[in-house]
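Enquirer: got a structure for you, letters missing:
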Ligand SMILES: CCC(=O)OC[C@H](C)CC[C@H]1O[C@H]2C[C@H]3[C@@H]4CC=C5C[C@@H](O)CC[C@]5(C)[C@H]4CC[C@]3(C)[C@H]2[C@@H]1C
């Protein structure tokens, strides 16, 4: 990590034009993994993801709470458990945040979480991740557990801008968690983030502002993020308040539960709206104890050419060697191949078929007014915009002005059921 190359890199980002792939980051800051692999971070605690399926009326009687509220608490715990994987795993494994490879259109990343327990109550869970758009980059994903009829689906795109010392990132998209045996669904929005420590050669993600979780049973959670130097002082801090519905969330005194702490370490929970104490109150989640479950991915020689680790193998090896020319040549080969494909599609007036996801266009009335559309229903309950604005923007926010309705990506389970080429 020579200071000279890093300093010239910092100068290059000073003239940053908004397109991350335009940045010629030095080899040591490049990750050999592509963004399609990040979808796995949504489900490295499969037991927490599926927990609502196993909560009983008896549990509800014992806790003297409605069963839907216990399920909301379980979903909030699962969501908090995803954050360390999403935003810290590169620091843990690679020493710092790195710049991921920019996926090509149609790139896929698949794997499974095997249930190694005796009772097999979880069963197998599969991950499908597909780059459904290259301009702008959008990754769609689905985590499917057939045994418990549970699907997590969503998509993610980002818009980045540089401030003097940090890279500011707005996330676009959302996640939908569907418990089909319970006929209960959840909408999860994505918080803004910024990359700190770039000047100190040690970039890491800090979450900021808010994200929201809306249950079809009505319950609504607000999660507020803060970091080192904010009011809480500790990095990766959050405070979550759970309300019986969006309306009641206007007054914090209406909170049914309050959870606070660090999403990358320990958090505690207390009834009502007061902030729980880290020593006296009940532990909610402890990221240092509950280890993430690694996804099982086929060996590269058994992967299809569209699968990320196979497609990027030559680039990944060049990055590991740290030879900039080798990286550049290997990347150019892949990018030229992609340009050829786009040109052929242009000539044949065809376009790349998305494999497992559908682009639902909400500018079309019948889609917008389809009362079975869980994304529309949950967005309405949480007063969330469905326009082309960052995730979590309220429907009546001025940020919606002059912004049009947009399409959102939805998982098509039967497309995967009919999949012939890709093996998990
Ligand atoms: C300043 C430009 C540059 O190349 O600096 C290199 C630095 C490592 C910082 C830039 C990169 O930091 C990476 C962090 C990435 C996000 C991490 C986690 C998630 C959550 C996941 O669910 C969706 C994707 C997302 C938001 C990643 C998006 C891409 C980020 C910001 C990388 C930056 C290019």
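Expert: Right, received. Where do you want to start? The model shown is predicted, which means the values in this text are computed figures rather than measured ones. Numbers count the residues shown, from 1 in each chain.
Enquirer: what's near enough to touch the residue of the stretch 301-424 of the chain found nearest the ligand?
Expert: The minimum distance from the stretch 301-424 of the chain to the ligand, using C-beta to the nearest ligand atom, falls at residue 391 (10.4 Å). Where C-beta positions appear, they are placed from N, C-alpha and C, glycine not excepted. With contact set as C-beta atoms under 8 Å, 6 or more residues apart in numbering, residue 391 has these partners: 170, 171, 172, 173, 174, 189, 190, 191, 211.
Enquirer: the ligand next: which of these are close?
Expert: Contacts with the ligand within the contacts of residue 391, as defined by C-beta under 6 Å from any ligand atom: residue 171.
Enquirer: out of the contacts of residue 391, who's nearest residue 382?
Expert: Nearest to residue 382 among these is residue 189, at 8.1 Å by C-beta to C-beta.
Enquirer: surely the closest one meets residue 386?
Expert: No - in this structure residue 189 lies outside contact range of residue 386 using C-beta atoms under 8 Å: 11.5 Å.
Enquirer: where does this protein have low pLDDT?
Expert: 1-2, 17, 21-24, 230-232 (pLDDT under 70).
Enquirer: let's see 80
Expert: 1-25, 164-165, 229-233 (pLDDT under 80).
Enquirer: show me which helix runs longest in it.
Expert: helix 67-94 (DSSP state H).
Enquirer: got the contact list for the helix or strand that it is followed by?
Expert: Of the helices and strands lying after helix 67-94 in sequence (DSSP states H and E), the nearest is strand 99-101. The contact list for strand 99-101 (C-beta under 8 Å, 6+ apart) reads 20, 23, 25, 29-35, 37-38, 312, 315-316.
Enquirer: wait, what's in contact with residue 41?
Expert: Counting by C-beta under 8 Å, 6+ apart, residue 41 has contacts 82, 85, 86, 89.
Enquirer: look at the second one and say how many residues are nearby.
Expert: A count of nearby residues for residue 85, using other C-beta atoms under 10 Å, gives 20.
Enquirer: tell me the secondary structure at the nearest residue to it once chain neighbours are set aside.
Expert: With sequence-adjacent residues excluded and distances taken as C-beta to C-beta, 6 or more residues apart in numbering, residue 85 is closest to residue 41, at 3.9 Å. Under DSSP: H, G, I helix; E, B strand; the rest coil, residue 41 falls in the helix class.
Enquirer: where's residue 41 relative to the ligand, distance?
Expert: Distance, residue 41 to the ligand, by C-beta to the nearest ligand atom, to the nearest Å: 6 Å.
Enquirer: go on, residue 125?
Expert: Distance from residue 125 to the ligand, by C-beta to the nearest ligand atom: 17 Å.
Enquirer: tell me the bridge partners for that residue.
Expert: residue 113 (DSSP bridges).
Enquirer: about what we covered before: so which of the contacts of residue 391 comes closest to the ligand?
Expert: residue 171 (5.6 Å).
Enquirer: can you tell me the SS state at the closest one?
Expert: Residue 171 - assigned by three-state DSSP - is strand.
Enquirer: excluding its backbone neighbours, what's nearest the residue of the stretch 301-424 of the chain closest to the ligand?
Expert: residue 190 (4.0 Å).
Enquirer: the ligand contacts on this protein?
Expert: Counting by C-beta under 6 Å from any ligand atom, the chain sits next to the ligand at 13, 20, 23, 25, 29, 38, 41, 86-87, 97-100, 156, 158, 167, 169, 171, 195, 198, 203, 205.
Enquirer: can you pull the contacts of the closest residue to residue 14 other than its chain neighbours?
Expert: Distances taken as C-beta to C-beta, 6+ apart put residue 162 closest to residue 14, at 7.1 Å, once the chain neighbours are dropped. Listed by C-beta under 8 Å, 6+ apart, the contact partners of residue 162 are 13, 14, 16, 168.
Enquirer: now the first one, what's its secondary structure?
Expert: Look at residue 13: counting by three-state DSSP, its state is helix.
Enquirer: which parts of the protein are helices?
Expert: 3-14, 46-50, 57-63, 67-94, 308-311, 313-321, 324-347, 365-368, 374-381, 413-417.
Enquirer: now do the last one: which elements does it pack against?
Expert: Contacts defined by 3 or more C-beta pairs under 8 Å, 6 or more residues apart in numbering; DSSP states H and E place helix 413-417 against strand 138-145.
Enquirer: now the fifth one
Expert: In this structure, helix 308-311 packs against strand 108-113, with contacts taken as 3+ C-beta pairs under 8 Å, 6+ apart.
Enquirer: redo that, cut-off 10 Å
Expert: Judged by 3 or more C-beta pairs under 10 Å, 6 or more residues apart in numbering; DSSP states H and E, the packing partners of helix 308-311 are strand 30-34, strand 108-113.
Enquirer: out of these, deepest packed?
Expert: Ranked by mean neighbour count, the helices and strands packed on helix 308-311 are led by strand 108-113 with a mean of 22 (mean count of other C-beta atoms under 10 Å).
Enquirer: what about that one, distance to the chain center?
Expert: How far strand 108-113 lies from its chain's middle: 15 Å, per C-alpha atoms, centre = their mean, to the nearest Å.
Enquirer: run the angle between that strand and strand 30-34 for me.
Expert: When axes from the mean of the first three to the mean of the last three C-alpha atoms, to 10 degrees is applied, the directions of strand 108-113 and strand 30-34 differ by 80 degrees.
Enquirer: residue 404 against residue 388, yeah?
Expert: Yes - Residue 404 lies in contact with residue 388 (C-beta atoms under 10 Å); the separation is 6.3 Å.
Enquirer: who has more neighbours out of the two?
Expert: residue 388 (15 against 9).
Enquirer: what are the phi and psi angles of the nearest residue to the more buried one once chain neighbours are set aside?
Expert: Counting by C-beta to C-beta, 6+ apart, residue 388 lies nearest to residue 406, which is 3.9 Å off, once chain neighbours are set aside. With angles defined as degrees, to the nearest 10, residue 406 sits at phi -140, psi 180.
Enquirer: adjust the sequence numbering to begin at 2 for everything that follows.
Expert: Okay, using 2 as the starting number, the last item reads as residue 407.
Enquirer: surely residue 407 and residue 388 touch.
Expert: Yes - the criterion here is C-beta under 10 Å, and residue 407 meets it with residue 388 at 6.1 Å.
Enquirer: what is in contact with these two at once?
Expert: residue 363 (C-beta atoms under 10 Å, 6 or more residues apart in numbering).
Enquirer: buried stuff in the longest helix of the chain?
Expert: Applying a neighbour-count criterion of 16 or more other C-beta atoms under 10 Å, the buried positions in helix 68-95 are 68-92.
Enquirer: off-centre distance for that helix?
Expert: 10 Å.
Enquirer: quick one: it to strand 31-35, angle?
Expert: 140 degrees.
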